[in-house]
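> fold the following, please.
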Amino acid sequence: MGAFTRHRRSRLVIANFTGFEADLLRSLASQLVELLRNEAAVPREDQDPFEAMMDFSGPTTEPEDPVLARLFPTAYPADEEAASEFRRFTEGALRDGKAAAACSIIDTLEDAGLPEQLTEDGLMIDVELDEPTAETWLRSFTDVRLALASRLGIEEGDEQVWYDLPDEDPRRQAHDIYEWVGYLQETLVDALMR
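Numbers count the residues shown, from 1 in each chain. The predicted structure is shown next:
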């Protein structure tokens, strides 16, 4: 159950995942990237880099998808015009940052030996993260958990509802994944503080 720890000598943050755990993390990060890039806020590839940097034609309304609305909340709920302008100038870059953080998880796992298709039983994946990469993973774990919580309808104080679901209920299994990512997030914070 891949907990993060700080290596004493190298000061790297390390974790050991089963192939299944690493593949699950990659899948969660991939789904997040897909969600973030499937809307109009995604920058165009054919645009000149300078023009792209100066392009402030981002979205001006709150996303319809509840997950995206949670990831990109309205900055000024009481002022629609200010909220619209803020979103137009910031959401594209925020999406790029969140997608890049999720891609960092995918790239790190694959660089550590996670194959494109997981076929081997007993495969173990060792990851070593420098501090900036560990902080990137931490931000992405937050996004993954927000996405899962939004999709599942998790609310503060409703833990017993989830624990009372039968083991075979797919919602229970999804909640277990939400809890597992929270566990990883917690051990990563602890490792970074050491």
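> below-threshold pLDDT in the chain: ranges please.
1-2, 39-57 (pLDDT under 70).
> name the single longest helix found in it.
Counting by DSSP state H, the longest helix found in the chain is helix 80-111.
> against which helices or strands is that helix packed?
The helices and strands touching helix 80-111, judged by 3 or more Cβ pairs under 8 Å, 6 or more residues apart in numbering; DSSP states H and E, are helix 19-37, strand 124-129, helix 131-152. Quick note: C-beta positions are derived from backbone N, CA and C, even for glycine.
> now these in a markdown table, with distance to residue 80 and mean neighbour count?
Listed next are those as a markdown table, based on distance: least, Cβ to Cβ, whole Å; neighbours: other Cβ atoms under 10 Å:
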| stretch | distance to residue 80 | mean neighbour count |
| --- | --- | --- |
| helix 19-37 | 24 | 19 |
| strand 124-129 | 41 | 19 |
| helix 131-152 | 23 | 19 |
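> and the gap between the residue nearest to residue 23 when sequence neighbours are not counted and residue 18?
With Cβ to Cβ, 6 or more residues apart in numbering as the criterion, residue 23 has its nearest non-adjacent residue at 4.6 Å, and that residue is residue 118. Note on residue 118: its distance to residue 18, by Cβ to Cβ, to the nearest Å, is 10 Å.
> got the angle for the longest helix of the chain vs strand 124-129?
130 degrees (axes from the mean of the first three to the mean of the last three Cα atoms, to 10 degrees).
> tell me the buried residues in helix 80-111?
By neighbour count on 16 or more other Cβ atoms under 10 Å, the buried set for helix 80-111 is 83-84, 86-88, 91-92, 95, 98-99, 101-106, 108-109.
> ditto for stretch 184-194
Under 16+ other Cβ under 10 Å, the buried positions of stretch 184-194 are 184, 185, 187, 188, 191, 192.
> go on, stretch 70-78?
Neighbour count says stretch 70-78 has 71, 72, 74 buried, by 16+ other Cβ under 10 Å.
> narrow those to those in helices?
Counting by DSSP H, the buried residues of stretch 70-78 place residue 71 in helices.
> now flag whichever of the buried residues of stretch 70-78 is closest to residue 128.
Ranked by distance to residue 128 (Cβ to Cβ), the buried residues of stretch 70-78 are led by residue 71 at 28.2 Å.
> who are the contact partners of that closest one?
For residue 71, the contact set (Cβ atoms under 8 Å, 6 or more residues apart in numbering) comprises 36, 98, 143, 146, 147.
> most widely separated two among those?
Farthest-apart pair in these is 36 and 146; separation 12.1 Å (Cβ to Cβ).
> can I get the helices and strands packed on helix 80-111 in JSON lines with distance to residue 9?
Formatted as JSON lines, the helices and strands packed on helix 80-111 follow (distance: least, Cβ to Cβ, whole Å):
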{"stretch": "helix 19-37", "distance to residue 9": "24"}
{"stretch": "strand 124-129", "distance to residue 9": "12"}
{"stretch": "helix 131-152", "distance to residue 9": "15"}
